[in-house]
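S.K.: A structural model of the following input is requested.
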Amino acid sequence: MMNIIPWRMRAAISEHFPLAYHLTSNLFRKREGEEYWDKNLAEWWEHDVRRWPTKAKIISERCDPAGALIDIACGNGSILRDLRGLGFQNLSGLEISKYAVNRLREEGFTMFHGILPRIPAPNQSFDTVIASQVLEHIIRRNTFASEISRIMNPGGQAFIFVPNDCLGPIDEPEHVIKYNRKTFELFLKRHFDDVSVDIIKGANFAMSILFGHARKSAKRTALVSLRSQVLAGLKWTVLGRLSSQVVTWTITIYVIRLLSPEDYGLMALATIFSALFALVAEIGLGPTLVQSKDLAPQRLQQIFGLILLSNGAVCLMMALLVAPAAALFFGDARLELVIQVIALQFIPAAFAVVPGALLEREMKFRGRAVTDLVSTVGGAFITLFLAYRGMGYSLWRGVISQSLSGPSA
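M.R.: Predicted coordinates:
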């Protein structure tokens, strides 16, 4: 498709919008998959064009031979073999080609099979990560760099090699981008620490190569870990809330059909009072527990006692003061008993505050989401069962539904 565009214009697009050029020029072209690389590597396995002795020498001069090392997209494993010859033993590789994976396993290397940008290796499992002539092929380069950082140990090193200001998408359709020294360094600094970029020449190649060396500090490790926890927490919180709402709305719609408009109005009035008092029932002790530095057992017991007293006081206030006053104000005696029954939910709710706050404090949002979902679904299905069996008046089915769902702020 790009061939119909004048060469100068194509060159400008490739230079300034390399990803757009790559995607357009490969629009109707089948991407090379596992079969292609199996055939390619089998054909060129023993050829010198696949050897990078200069890179192996640079890496060996900066790394501890006893450290764990992985070569991403290692091809025929030439760098791994050269490093083994230089005294390295704990060597691993990653390849899309099962042919390469099997051959290198037979040679004694630990091998992973996968498709980039994801790296199927455990967190913080390598002291050294090599990515030789790989980055320029990857569309999701930020994800790939994050994956490299993820599998690196704190203080670990990354050795990343790319062509030096050449072989952009117009020259090599498989390439997504062309780096110069400045743009390569800026990219690496977004993901790593102590970044340096040098220009080298391989023994078997005429073109120059950009060599990026970077480290992963303990501070960056902590930030990455925190970000992963926050994202996981957000995912589980959203999933739990969404699932709970879907179940609650579904059951509520069914129960509403059993309520008369008058009964539904009473339910709505009673719910207003429970929602208002839920705002003050915990008196802010739940969030305080999440942020507190002192979590001694005695302090937990004190906080639980205060929450129980607070929720108990709210329950009594609603039952003895608010319920009669609301019934008198709205002119419906039934409202008093409805509010009194709904007020009972504050007593069991007090027992859930401390465990829930501890789960949030430890960032175990999955456990919190599952607990809330089970509680919501359990209450909803009990309500549905009572409604299906026709137990009690329609109004009290709604009251039970509200009581089981717990106070909501």
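S.K.: just the helices in the stretch 51-200 of the chain please.
M.R.: For the stretch 51-200 of the chain, applying DSSP state H, counting those that start in this stretch gives helices covering 53-62, 78-85, 98-106, 141-151, 181-189.
S.K.: burial check on residue 342, number of neighbours?
M.R.: Residues lying near residue 342 (other Cβ atoms under 10 Å) number 25. Yep, even glycine has a C-beta here, placed from its N, CA and C like the rest.
S.K.: for residue 378, which of the helices of the stretch 51-200 of the chain is the nearest?
M.R.: Evaluated over the helices of the stretch 51-200 of the chain, closeness to residue 378 peaks at helix 141-151, with 37.6 Å, by Cβ to Cβ.
S.K.: in that closest one, what's buried?
M.R.: Neighbour-count burial for helix 141-151 flags 141, 144, 145, 146, 147, 148, 149, 150, 151 (criterion: 16 or more other Cβ atoms under 10 Å).
S.K.: any idea of the pLDDT on residue 225?
M.R.: With respect to pLDDT, residue 225 scores 60.
S.K.: same deal with the one 4 residues further on?
M.R.: As predicted, residue 229 sits at a pLDDT of 68.
S.K.: isn't residue 312 right up against residue 349?
M.R.: No - with contacts defined as Cβ atoms under 8 Å, residue 312 does not count as touching residue 349, sitting 10.8 Å away.
S.K.: neighbour count winner among those two?
M.R.: A side-by-side neighbour count of residue 312 and residue 349, using other Cβ under 10 Å, places residue 349 first with 19 against 14.
S.K.: turn the buried residues of helix 141-151 into a markdown table, columns for distance to residue 214.
M.R.: Formatted as a markdown table, the buried residues of helix 141-151 follow (distance: Cβ to Cβ, whole Å):
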| residue | distance to residue 214 |
| --- | --- |
| 141 | 14 |
| 144 | 13 |
| 145 | 9 |
| 146 | 13 |
| 147 | 14 |
| 148 | 9 |
| 149 | 9 |
| 150 | 14 |
| 151 | 14 |
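S.K.: ok, so of these, who is nearest residue 329?
M.R.: So of the buried residues of helix 141-151, ranked by how close each gets to residue 329 (Cβ to Cβ), first place is residue 146, at 59.1 Å.
S.K.: quick check: the gap between that closest one and residue 372.
M.R.: Computed with Cβ to Cβ, to the nearest Å, the distance linking residue 146 and residue 372 is 30 Å.
S.K.: ok, now residue 75?
M.R.: Taken as Cβ to Cβ, the span from residue 75 to residue 372 is 49 Å.
S.K.: those two - which one has more neighbours?
M.R.: Between residue 75 and residue 372, counted using other Cβ under 10 Å, the more crowded position is residue 75 (24 against 19).
S.K.: could you dump the buried residues of helix 141-151 to TSV with pLDDT?
M.R.: Rendered in TSV, the data for these read as follows (pLDDT from 0 to 100):
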residue	pLDDT
141	93
144	94
145	93
146	89
147	93
148	95
149	91
150	90
151	94
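S.K.: residue 43: which of these is nearest?
M.R.: Nearest to residue 43 among those: residue 144, at 26.7 Å, using Cβ to Cβ.
S.K.: can you pull the pLDDT of the residue nearest to that closest one when sequence neighbours are not counted?
M.R.: Residue nearest to residue 144 in three dimensions, not counting chain neighbours: residue 117, with 3.7 Å by Cβ to Cβ, 6 or more residues apart in numbering. pLDDT, residue 117: 93.
S.K.: what sits against residue 117?
M.R.: Contact analysis of residue 117 by Cβ atoms under 8 Å, 6 or more residues apart in numbering lists 138, 140, 141, 143, 144, 147.
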